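1. Pasting a predicted model and its sequence here:
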Amino acid sequence: MTHFKRAFIICLLAIEFTSCETLNQLINQTTEMINLKNCTFNVKNVSDIRMLDVNLSNGMTKSDLNIAQLTKLTSAILQKKLPVTFNVNVSVDNPNKIAASLTKMDYIVALNNKEIISSTLNQKLSVPANSSGTVSIPITTDLFQLFSGESAEAVVNLAFKLAGANSDPVKLGVKVKPYVSINEQTLPYPDYITINKILN
């Protein structure tokens, strides 16, 4: 039995035991869950990139770093450590005539086919009819640990590529599994939704 069919059964069983107001809430929740199936998920962009606590603004390259920042970067390279944080912003486009909602979302994020993180984002989102919403996935990783077989230059370039610098394209892979709440139960989307984006 799929989660969507299960949701319908939950709603039907609740009819006999609920007031009209509660029943309307259940119907609305079920409808919003079904509408979520018709939504389109895309990677909108990557934002708020920080490397070694340096904010990498859009298009920034290594030559834009000051002496203190370059010294810090050199030290990190020698230690084979390059911590970075950034947000992967996922857009949810709702083509339906009423709202679509999610309660939370499991996610898996990869760079160049190497998994960075697998976790859950406990953030509710309601996307109005014929509109779009955005979910921001926070990422914290160490690029040297992730790409231990790559050269120091390639790893550093990857960090700046996230900020939009000109370098080799980077494949950003995102898998998301949204959840919805109905009758105080949290139900997952049947499968992960796979989204790929090339950062040129």
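-> All right, it came through fine. Everything numeric in this text was worked out from a predicted model, so none of it was measured. Residues are numbered from 1 along each chain as shown.

2. May I have the residues that are in contact with the most centrally placed residue in the chain?
-> Nearest residue to the geometric centre of the chain (C-alpha atoms, centre = their mean): residue 137, 4.0 Å. Contact analysis of residue 137 by C-beta atoms under 8 Å, 6 or more residues apart in numbering lists 87, 88, 89, 90, 107, 109, 121, 174. Heads up, the C-betas are built off the backbone N, CA and C, glycines and all.

3. Just give me the closest of these to residue 184.
-> Ranked by distance to residue 184 (C-beta to C-beta), the contacts of residue 137 are led by residue 121 at 20.6 Å.

4. which residues does the closest residue to that closest one other than its chain neighbours bridge with?
-> The shortest distance from residue 121 to any non-neighbouring residue, by C-beta to C-beta, 6 or more residues apart in numbering, is to residue 105 (4.9 Å). Beta-bridge pairing for residue 105 (DSSP bridges): residue 121, residue 178.

5. doesn't residue 123 make contact with residue 105?
-> Yes: counting by C-beta atoms under 8 Å, residue 105 touches residue 123, with 7.2 Å between them.

6. Mutual contacts of the two, please.
-> Contacts common to residue 105 and residue 123, judged by C-beta under 8 Å, 6+ apart, are residue 135.

7. Which one's more surrounded, these two?
-> More crowded of residue 105 and residue 123, by other C-beta atoms under 10 Å: residue 105, with 24 against 12.
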